[in-house]
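S.K.: give me a model of this one.
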Amino acid sequence: MTKLLKHFFLFTFGGIVYILIEMLWRGFSHWSMFILGGLCFLLLGFINEKYTWDIPLIIQMIIGTFIITSLEFISGCILNLWLHLNVWNYYDMPYNILGQICLPYMILWFLLSPVCIIVDDYLRYLFFEEEKPHYKLF
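M.R.: Numbers count the residues shown, from 1 in each chain. From the prediction side, this is the model:
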């Protein structure tokens, strides 16, 4: 039960923060971004559960970038292409795939992923008595 509550807390935290980031970046958001943000945050947090602390932060950032981009593509195909909700559209962005993901946002996810990874690790340390985070960049 405690593990379920921990994951619910981290999912909710990630969802709320993602909505706030979108509000600051684009001026609006969509309820589905709460789910996407929560899921991304939770999965980024699982990187240090799956691997040891010996994995360099730069590798975690690459893994995180592909997690976020994959979830964004799947969500975009469902929300935008299939359900026609038009939550986002990257057709005007360079190197886009079906207008759902693009290279500039992949770079943004790469830069944002260490923040998420570190915040998740410290939330786990402070609130759930998990191991104190420590990192090596390379």
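S.K.: secondary structure element for L108?
M.R.: Using DSSP states H and E, L108 sits within helix 103-128.
S.K.: pLDDT wise, what is the residue most central in space within the chain at?
M.R.: Most central in the chain under C-alpha atoms, centre = their mean is C40, positioned 3.2 Å from the mean C-alpha point. As predicted, C40 sits at a pLDDT of 97.
S.K.: residues contacting it?
M.R.: G14, Y18, I67, I68, L71, C116 (C-beta atoms under 8 Å, 6 or more residues apart in numbering). For every residue, glycine as well, the C-beta is placed using N, CA and C.
S.K.: which residue sits closest to L85, ignoring its sequence neighbours?
M.R.: L79 (4.7 Å; C-beta to C-beta, 6 or more residues apart in numbering).
S.K.: that's a strand at N89, yeah?
M.R.: No: assigned with DSSP: H, G, I helix; E, B strand; the rest coil, N89 falls outside any strand and is coil.
S.K.: which residues does it contact?
M.R.: Per C-beta under 8 Å, 6+ apart, neighbours of N89: N80, G99.
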